[in-house]
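Undergrad: Turn this into a model:
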Amino acid sequence: LSRTVGTGVVGEGELELEGLADIDPGERAKSTIKINAGLGPGFEGAIGFAPYYSSGTGPDSHGVGDVTVTAKYQYSDGSAGQPFGIVEVEGRLPTSSAGPAGRNGETDFLMATSLGQAFGGYSLIGTYELGLLGEKDLDSVVVEHGAVLAASFRINSAIRAFTEASMVYVPREGVWEWYGGAGGGYHLSESLELQGALQFGLNDDAHDYLVVFGFAYELGPM
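TA: Sure, this is the predicted structure:
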């Protein structure tokens, strides 16, 4: 359910469209549309935007979210029984028109790495993410750490189920958020998968729960 747990990349010369909506009832709703492009062997580039972001109630609480630019490299493709591995960097540009909870007026940088291993129909993926988050009108940077352990199981050729445990740690604020979640994906066609999940906060710092919907659609050659 986290932003980065996949260990694959889009094939060279291929395009993929992703969509995501996560909802914390009464608190926040966020949508994301992302276009991924296979730029070469193991390389993927992406651009995303949030067509709708709501940070709660109030006259300035709704609007579009930030634009993101992402680059990903798969340094291990899982051949010969080796793990799958990726590194990813992302810039989040301050383009949001939503309220203060939905924008910070500064560029954010995120770096992540994931390792995964397949065991027949099962797979296990671990992810670490470092966020360097800008602050409006200040020269300081907020450091944020994230970690995820996710497992998935392919029930048949069309259906897969997944579960994960994740945490977010912000040292300056002493905030620890712990989550657990589960969901599934259904291949409606060879090129389109629909996804849904629930994520539950496990401590006081975390959101109570999030409802998540998504899709991935292979557009084909560029």
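
Undergrad: Count the residues that sit near Q117.
TA: Using other Cβ atoms under 10 Å, Q117 has 16 other residues around it. Heads up, the C-betas are built off the backbone N, CA and C, glycines and all.

Undergrad: Use 435 as the first number from now on
TA: All right, first residue 435 from here; so that's Q551.

Undergrad: Output the lowest mean pLDDT helix or strand found in the chain.
TA: strand 496-497 (a mean of 81; mean pLDDT, DSSP states H and E).

Undergrad: What is the subsequent helix or strand relative to that strand?
TA: strand 501-511 (DSSP states H and E).

Undergrad: Output the contacting helices and strands for that following strand.
TA: Applying 3 or more Cβ pairs under 8 Å, 6 or more residues apart in numbering; DSSP states H and E, we find strand 501-511 packed against strand 477-483, strand 518-527.

Undergrad: I'd like to check the angle between it and strand 518-527, please.
TA: 170 degrees (axes from the mean of the first three to the mean of the last three Cα atoms, to 10 degrees).

Undergrad: Going by neighbour count, list what's buried in strand 501-511.
TA: 502, 504, 506-508, 511 (16 or more other Cβ atoms under 10 Å).

Undergrad: With stretch 647-656 instead?
TA: By neighbour count on 16+ other Cβ under 10 Å, the buried set for stretch 647-656 is 648-652.

Undergrad: and if you look at stretch 575-586?
TA: Going by 16+ other Cβ under 10 Å, stretch 575-586 has these buried residues: 576, 578, 580, 582, 584-586.

Undergrad: Brilliant, that's me finished.
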